[in-house]
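Trainee: show me how the following folds:
(one chain, ligands or ions: 1)
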Amino acid sequence: MPTVETLSRPRIKPEHRAYRTVDGNVRIGSVIHGIGAEIADPQGWVWTLVEAMDGTRGPSAVVDEVLRAHPGLPGEDARQAMADLLAAGFVDDAGAPVPVPEREQVRYSRGVPLLRWMDLGPRTSPWDAQLRLREARVLLIGVGGTGGYAAQSLVASGVGHLHCVDPDSVELSNLNRQPLFRESDIGRPKVAAAVATLRALNSDVVVTGERREVRRPADLAELVRGGRQVAEGAADLDRDPGPPAYDLLVLAADHPDDIRRWANRVCLAAGLPWVDAGYRGPLVTAGVYVPGRGACWECLRAGEAARRDLRLAPGEDPEIASPRMPWNPATAVTAGLSGGLLAHAALALLTGVPALDPGVRFGINLMLPGDPVLQRTPRLLDCPACGERKTEEQRTEERE
Ligand SMILES: [Zn+2]
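Mentor: Next up is the predicted model:
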C-alpha cells in the first residue's frame with residue numbers, strides 16, 4: 001500500500017483534475033457520482049496543494065510550495081491532506097515506472113486511464129490493474145450473443161487466458177446478435193470461429209476453446225478444474241479435491257435450464273468467483289458472485305421472488321410469471337448490453353476496479369432506461385446452496 005513518502009512525484013490523476021466552486025470549495029475526482037468529492041477550503045490552502053501536486057515535484061517540495069503561499073500553516077496539515085487525497089484514490093505517482101512493453105502501452109493507452117479514473121484504492125501506477133488482468137485465467141461458457149460480446153471485451157482489454165466452451169454450430173439466425181461470426185462461418189462450430197476471431201483481435205491473449213455441451217453439474221465441475229475428470233456419482237461437490245484451473249467462470253449460456261443453479265453449486269464447492277448475464281425481453285441483467293462474500297445465486301433468487309410478490313400458489317415455479325421461449329428474443333442491442341455488463345462484472349472482479357460488492361444483480365430495463373435495476377439481498381442462513389444450516393439431505397441431493 002503506497003504512502004505519501006513512497007511517491008516520487010505525487011500527482012492528482014488527470015481524470016480527477018480539481019476545480020474551485022464559486023463558494024471557494026475544491027471539487028475533485030470529476031463530477032461522476034461515486035467518484036467525485038467536495039472539500040471545504042476556507043483558507044485556500046487545499047487549492048494550492050492540489051495545484052502543486054502536478055507531478056513535477058516530490059512530496060516535500062509540494063509541502064514547501066503550500067507553506068510558501070500559506071506561511072502560518074503547520075506543515076503536518078499539508079502532509080496529512082496529501083495522505084488523505086492519496087487514500088481517497090485521487091493521487092498517483094507521475095514518476096512510477098511503466099511495467100509493460102511499448103506495444104502494450106499503446107494498445108491499452110485508452111483503457112488504462114479509465115481504470116485509473118475508476119480506481120479509488122491508493123495506487124502508485126494505473127498499470128497495476130492491467131497487470132492483474134494479464135495474469136487472469138477465465139473460463140467462458142457460451143460464445144453466442146452475450147458470450148460473444150463479453151469475450152470480445154475481455155480479449156480486447158487484455159485478459160491473460162480465455163478458454164471458450166460451446167457445443168453449437170453457427171446458424172443464419174445467430175447473425176442478428178452474435179458478433180464473433182460472419183456469414184462464411186455458417187455451419188462451422190461456434191467455438192472454432194470464435195477462437196479464430198478472438199485471436200485475430202489480440203494475439204497477446206491466449207485464447208483456447210473446446211466444443212462441448214454442459215449436460216450435468218459434473219461437466220461444469222470438470223471444466224472449472226481444467227478438464228480433470230470428476231468421477232460420476234462420486235462427484236461430491238462439497239468435498240471434491242483440486243483447485244479450480246481458472247480465476248473466474250463467465251457463464252453466458254442459458255441451456256440446460258438449470259445451468260445457473262449448477263454453476264452456483266460447482267463454484268461454491270470450488271471457491272471460484274463467477275459472473276453471469278442475460279436478458280428477459282427488454283430487461284438485461286448481470287450477476288456477480290464470490291463464494292463466502294455476500295449472497296449466492298440461490299440466495300438472490302429467493303430474495304427476488306419474495307420482493308416481487310408474484311402472488312403464486314405455494315410451490316409454484318416463479319418461472320411461469322415470465323414468459324420464456326425457446327427462441328429467447330434478442331437483438332444486437334440486448335445481447336451487446338448483456339455481454340458488456342458481463343464483461344464489466346468480470347473485469348471488476350479480476351482487477352478490483354471498480355470495487356464491486358458481490359452478491360448482486362444489476363442491469364437496465366430498456367422500457368424504463370432511467371429506472372435502476374438492482375437486486376441485492378443478504379446471504380440467507382438457510383440457503384440450500386450456501387447456507388450454514390444446510391442439511392445432510394440437501395448435501396446428498398447435491399451429490400446426485
Ligand atoms: Zn446462498
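
Trainee: use CA for all of it now, contacts and neighbours both
Mentor: Noted.

Trainee: any idea where the strands of the protein begin and end?
Mentor: Under the criterion DSSP state E, the chain carries strands at the ranges 10-12, 19-20, 26-28, 37-39, 91-93, 137-141, 161-165, 206-210, 248-251, 274-280, 283-289, 360-365, 373-376.

Trainee: these into TSV, with extra columns for mean neighbour count, mean pLDDT and distance to Thr197?
Mentor: Shown next, in TSV, are these (neighbours: other CA atoms under 10 Å; pLDDT from 0 to 100; distance: least, CA to CA, whole Å):
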stretch	mean neighbour count	mean pLDDT	distance to Thr197
strand 10-12	27	97	39
strand 19-20	16	97	44
strand 26-28	20	97	41
strand 37-39	15	96	42
strand 91-93	28	95	36
strand 137-141	24	98	15
strand 161-165	24	98	12
strand 206-210	18	97	10
strand 248-251	25	98	19
strand 274-280	25	96	22
strand 283-289	24	97	24
strand 360-365	21	97	27
strand 373-376	16	95	33
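
Trainee: any chance of JSON lines for these, columns distance to the ion?
Mentor: Below are the strands of the chain laid out as JSON lines (distance: least, CA to the ion, whole Å):
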{"stretch": "strand 10-12", "distance to the ion": "41"}
{"stretch": "strand 19-20", "distance to the ion": "45"}
{"stretch": "strand 26-28", "distance to the ion": "39"}
{"stretch": "strand 37-39", "distance to the ion": "36"}
{"stretch": "strand 91-93", "distance to the ion": "38"}
{"stretch": "strand 137-141", "distance to the ion": "22"}
{"stretch": "strand 161-165", "distance to the ion": "26"}
{"stretch": "strand 206-210", "distance to the ion": "30"}
{"stretch": "strand 248-251", "distance to the ion": "17"}
{"stretch": "strand 274-280", "distance to the ion": "14"}
{"stretch": "strand 283-289", "distance to the ion": "10"}
{"stretch": "strand 360-365", "distance to the ion": "12"}
{"stretch": "strand 373-376", "distance to the ion": "12"}
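
Trainee: quick check: which ranges of this structure have low pLDDT?
Mentor: Applying pLDDT under 70 to the chain flags residues 228-241, 389-400.

Trainee: domains in it, by residue range?
Mentor: 4-93, 136-399 (automatic domain parsing).

Trainee: can you tell me which residue sits nearest the middle of this structure?
Mentor: Most central in the chain under CA atoms, centre = their mean is Ala345, positioned 2.3 Å from the mean C-alpha point.

Trainee: I'd like the distance between that one and the ion.
Mentor: 19 Å (CA to the ion, to the nearest Å).

Trainee: repeat for Thr351
Mentor: 24 Å.

Trainee: quick one: contacts for the closest residue to that residue other than its chain neighbours?
Mentor: Leaving aside its chain neighbours, Thr351 sits nearest to Ala129 (5.0 Å; criterion: CA to CA, 6 or more residues apart in numbering). Taking CA atoms under 8 Å, 6 or more residues apart in numbering, we find Ala129 in contact with Leu115, Thr351, Gly352, Val353.

Trainee: show me which residues of the stretch 301-400 of the chain sit near the ion.
Mentor: Residues of the stretch 301-400 of the chain lying close to the ion (CA under 5 Å from the ion) are Cys383, Cys386.

Trainee: where exactly do the helices run in the stretch 301-400 of the chain?
Mentor: Assigned by DSSP state H, counting those that start in this stretch, the helices in the stretch 301-400 of the chain fall at 332-351, 392-399.

Trainee: JSON lines for the contacts of Ala129, including neighbour count?
Mentor: What follows is the contacts of Ala129, written out as JSON lines (neighbours: other CA atoms under 10 Å):
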{"residue": "Leu115", "neighbour count": "20"}
{"residue": "Thr351", "neighbour count": "20"}
{"residue": "Gly352", "neighbour count": "18"}
{"residue": "Val353", "neighbour count": "21"}
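
Trainee: specify which member of those residues is nearest to the ion.
Mentor: Nearest to the ion among these is Gly352, at 22.8 Å by CA to the ion.

Trainee: residues in contact with the closest one?
Mentor: Applying CA under 8 Å, 6+ apart, the residues near Gly352 are Ala129.

Trainee: try it again with 6 Å
Mentor: Taking CA atoms under 6 Å, 6 or more residues apart in numbering, we find Gly352 in contact with no residue.

Trainee: list phi and psi for it.
Mentor: phi 80, psi 10 (degrees, to the nearest 10).

Trainee: can you give me the distance of it to Ala136?
Mentor: Noted for Gly352: a distance of 12 Å to Ala136, by CA to CA, to the nearest Å.

Trainee: what's the answer for Gln375, then?
Mentor: For Gln375, the distance to Ala136 - CA to CA - is 27 Å.

Trainee: ditto for Asp276
Mentor: Computed as CA to CA, the Asp276 to Ala136 distance reads 17 Å.

Trainee: got it, and Pro314?
Mentor: Going from Pro314 to Ala136 by CA to CA gives 44 Å.

Trainee: one more: Glu38?
Mentor: For Glu38, the distance to Ala136 - CA to CA - is 36 Å.

Trainee: again, but for Met53
Mentor: In terms of CA to CA, Met53 sits 34 Å off from Ala136.

Trainee: which one's more surrounded, these two?
Mentor: Neighbour count, other CA atoms under 10 Å: between Met53 and Ala136, Met53 has more, with 26 against 18.

Trainee: what's the burial count for Thr146?
Mentor: 31.

Trainee: can you tell me, leaving aside adjacent residues, what's nearest to it?
Mentor: Once flanking residues are discounted, Thr146 sits nearest to Gly339: 4.1 Å by CA to CA, 6+ apart.

Trainee: isn't that neighbour up against Gln152?
Mentor: No. Using CA atoms under 6 Å as the test, Gly339 is too far from Gln152 to be in contact (8.9 Å).
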